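1. Okay, predicted coordinates and the sequence, questions at the end:
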Amino acid sequence: MSVVIPVKDDDTELARCLRALRGQSRPPDEVVVVDNGSTDASAAVARAAGVRVVRCEAPGIPAASARGYDAATGDVLLRLDADCVPDERWVEAMVAAFASRRDVAAFVGGARFIDGPPALRTPLAAAYLGAYGAVATATLGHLPLFGSNMGMRAGAWRGIRSTVHRDDPELHDDLDLAFHLGGRGRIRLLRGPAMGISMRPFGSGRSFARRVLRGFRTVVVHWPADFPPVRWTRLALLSAVRSRRTRRAAAAAPRRP
């Protein structure tokens, strides 16, 4: 099991994240930090922590994340951001979820803000994640992925790695990944500890507007093949085929005396 962390100029936050990973109840087998052209000490911090560092020259989180997934050696790939603080049971909960649900390609978890005005942390997290989940689910026809708290099987990644939009820095890599992965496998909710995330992306109206525009761009680049009604119909047919195969397999299985 590998943990992938894309980073650019977040040395202080990365050090905090890596400390939290060292304190996991079930330590990760491998941590891959992807240095996406940092000008600070991010790469040095990662090396000092004894984790694997790979370089990604192409700009943007989509390229850096994909580079990390390609480089990882685990059969399950977990992903969080450099400014995240995972609960000590995060890795354990992810590993247990994948072990118990062999039919699931990816899991996505919740989050909570760990900085910003204390009075706004809970309501803003609920509003932000709720809005993202509602809009993305309606667009995709299934749960989206959330880059700060997600995991997927390495085999699922290998099946889509050549089709994701890794070279467009103006896309949300997690939403793009959900378009590709959700069309081939099941994405389910991880009912476990919420990930600690930063409120920094909402520090200004300009920053928030940029995130919204990236979300819109991520959706539109998948049209017309994934225009919602077209995608919903295709996924419904796929689900029907899966259900039929499951029933046939159950009927063919030898019955216990």
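-> Nice, I can see it. Source: prediction; values computed, not measured.
2. Look up the closest residue to residue 121, ignoring the ones flanking it.
-> For residue 121, ignoring the flanking residues on the chain, the nearest one in space by C-beta to C-beta, 6 or more residues apart in numbering is residue 113 at 4.0 Å. Bear in mind the C-beta positions are built from the backbone N, C-alpha and C, glycine included.
3. need the contact list for that neighbour.
-> 120, 121, 122, 124, 125, 196, 197, 198, 199 (C-beta atoms under 8 Å, 6 or more residues apart in numbering).
4. Would you list the buried entries among these?
-> Neighbour-count burial (16 or more other C-beta atoms under 10 Å) is assigned, among the contacts of residue 113, to 125, 196, 197, 198, 199.
5. give me every residue that touches the second one.
-> This points to residue 196. Contacts for residue 196 (C-beta under 8 Å, 6+ apart) come out as 84, 85, 86, 87, 111, 112, 113, 114.
6. buried sites along the biggest helix by length in the chain?
-> Secondary structure of the chain per DSSP state H: the longest helix is helix 228-252. Within helix 228-252, the residues scored as buried using 16+ other C-beta under 10 Å are 231, 232, 235.
7. Could you tell me which of the contacts of residue 196 belong to strands?
-> Among the contacts of residue 196, the residues falling in strands (DSSP state E) are 111, 112, 113.
8. Tell me where the stretch 1-150 of the chain has helices.
-> For the stretch 1-150 of the chain, the helices defined by DSSP state H, counting those that start in this stretch cover 11-22, 42-48, 61-71, 90-100, 118-140.
9. Let me know the next secondary structure element after the last one.
-> When you say that, I think you mean helix 118-140. strand 150-153 (DSSP states H and E).
10. how much space between residue 220 and residue 139?
-> As judged by C-beta to C-beta, to the nearest Å, residue 220 and residue 139 stand 10 Å apart.
11. the more surrounded of these two?
-> residue 139 (21 against 11; other C-beta atoms under 10 Å).
12. I'd like to know how far the residue lying closest to residue 66 once chain neighbours are set aside sits from residue 67.
-> Sequence neighbours aside, residue 166 is the residue nearest to residue 66 in space, at 4.0 Å (criterion: C-beta to C-beta, 6+ apart). Per C-beta to C-beta, residue 166 is found 8 Å from residue 67.
13. so what sits against both of those two?
-> Contacts common to residue 166 and residue 67, judged by C-beta under 8 Å, 6+ apart, are residue 58.
14. contacting residues around residue 213?
-> Neighbours of residue 213 in contact, by C-beta under 8 Å, 6+ apart: residue 170.
15. hang on, it in a strand?
-> No - membership of residue 213 in a strand is not supported by DSSP: H, G, I helix; E, B strand; the rest coil, which gives helix.
16. if I look at it, how far off is residue 137?
-> For residue 213, the distance to residue 137 - C-beta to C-beta - is 20 Å.
17. Can you pull out the low-pLDDT segments for this protein?
-> Within the chain, the segments meeting pLDDT under 70 span 255-257.
18. What is the nearest of the buried ones among the contacts of residue 113 to residue 155?
-> Nearest to residue 155 among those, counting by C-beta to C-beta, is residue 197 at 27.9 Å.
19. From residue 97, how far off is that closest one?
-> Using C-beta to C-beta, we find residue 197 at a distance of 20 Å from residue 97.
20. which one of the ones in strands among the contacts of residue 196 is nearest residue 225?
-> residue 111 (30.2 Å).
21. tell me, how many neighbours does that closest one end up with?
-> 18.
22. so the residue nearest to residue 66, which of the three states?
-> Using three-state DSSP, the structure places residue 166 in coil.
23. Now do the same contact list for it.
-> Applying C-beta under 8 Å, 6+ apart, the residues contacting residue 166 are 58, 62, 63, 65, 66, 173.
24. Any of these buried? List them.
-> Neighbour-count burial (16+ other C-beta under 10 Å) applied to those gives 62, 63, 65, 66, 173.
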